[in-house]
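Asks: Predicted structure and sequence below. I'll ask about it afterward.
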Amino acid sequence: MGLLKPRHIWLGLAAVSAGLVAASAILTAWLKLNPCPLCIFQRLLFMIMSVLTLAAFLGFRRSAGQASGVLALLTALSGAGVAAYQVWLQAQPAAMFTCGGADPNLIERWVDWLGQRLPSLFLATGICGDKELVILGYSLAVWSAAAFLAAGGASVWALLQARRQGQSS
C-alpha cells in the first residue's frame, strides 16, 4: 500500500494539530497578538483534534480508534465552520458585526471561563473582525479554515482506507 496508511495519517494529524496549537501560542506571545474568542476556540478545537487523532492512531484497529477518527472528522468540520464564520466577520465593514457583544454567546462564555483558568493559553483580548496578522495576503482565520479542511479531508481518507482494508493496516 505504501507509506500513507491510516495509522500514519492519524499520527501526522496529531502532530500537525499539536504543532498548530504551539505555533499559535508562540506567535501570540512573540508578536503580542490579541486573539479573539473565535481564535481561542479554534485553538481549543486543534487541541481536541490532536487528542482525538492520537487516540485514533493508538486504537486504529479497534472500534474506539474508528470512533476517535469520526470525532476528529466532526471536530475538523466544526473548526472549519468556526473559522469560515470568522473569515465572514472579517469581510464585513468595521464594527458592523463582531464577537464580544453585550450578551456573550456560549463560545465566548466558555472561552472566558478557560481564560480565567489558564490565561497564557486561553485569554481572549481581541475582536473577531480584526485581521491582526496577515500571512501571504490571508488572515490567520483563512489559514485556520484551510488547516481544518485539510484535516477533515485527511480524516475522511484515513477512515475510508481503514474500512477498505478491514482495519488491518
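Replies: Nice, thanks for sending it over.
Asks: Tell me how many other residues surround Val16.
Replies: 18 (other CB atoms under 10 Å). Where C-beta positions appear, they are placed from N, C-alpha and C, glycine not excepted.
Asks: Ile127 versus Trp30, what's the distance?
Replies: 20 Å (CB to CB, to the nearest Å).
Asks: now do Ala55
Replies: 35 Å.
Asks: picking that back up, pick out whichever of Trp30 and Ile127 has more residues nearby.
Replies: A side-by-side neighbour count of Trp30 and Ile127, using other CB under 10 Å, places Ile127 first with 18 against 8.
Asks: and stretch 85-97, which residues are buried?
Replies: Tyr85, Gln86, Val87, Leu89, Gln90 (16 or more other CB atoms under 10 Å).
Asks: Out of the residues you listed, list just those in helices.
Replies: Counted as lying in helices by DSSP state H, out of the buried residues of stretch 85-97, are Tyr85, Gln86, Val87, Leu89, Gln90.
Asks: Does the nearest residue to the second one once chain neighbours are set aside lie in a helix or a strand, and which?
Replies: Okay, so that is Gln86. Residue nearest to Gln86 in three dimensions, not counting chain neighbours: Ala141, with 4.0 Å by CB to CB, 6 or more residues apart in numbering. Secondary structure from DSSP states H and E places Ala141 in helix 140-164.
Asks: Residues contacting that helix, please?
Replies: The list of residues contacting helix 140-164 from outside it, by CB atoms under 8 Å, 6 or more residues apart in numbering, reads 4-6, 9-10, 12-13, 16-17, 20, 24, 38-39, 42, 45-46, 49, 53, 56, 60, 66, 69-70, 72-73, 76-77, 79-80, 83-84, 86-87, 90, 131-133, 135, 169.
Asks: Now with 6 Å, please.
Replies: 6, 9-10, 13, 42, 69, 72-73, 76-77, 79-80, 83-84, 86-87, 133 (CB atoms under 6 Å, 6 or more residues apart in numbering).
Asks: Got a PyMOL select line for the buried ones in those residues?
Replies: Selecting only the buried entries of those in PyMOL, with 16+ other CB under 10 Å as the criterion:
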select buried, resi 6+9+10+13+42+69+72+73+76+77+79+80+83+84+86+87
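Asks: Give me the distance between the residue positioned nearest the centre of the chain and Gly69.
Replies: With distances taken as CA atoms, centre = their mean, Phe46 lies nearest the centre of the chain, 3.3 Å away. Using CB to CB, Phe46 is found at 16 Å from Gly69.
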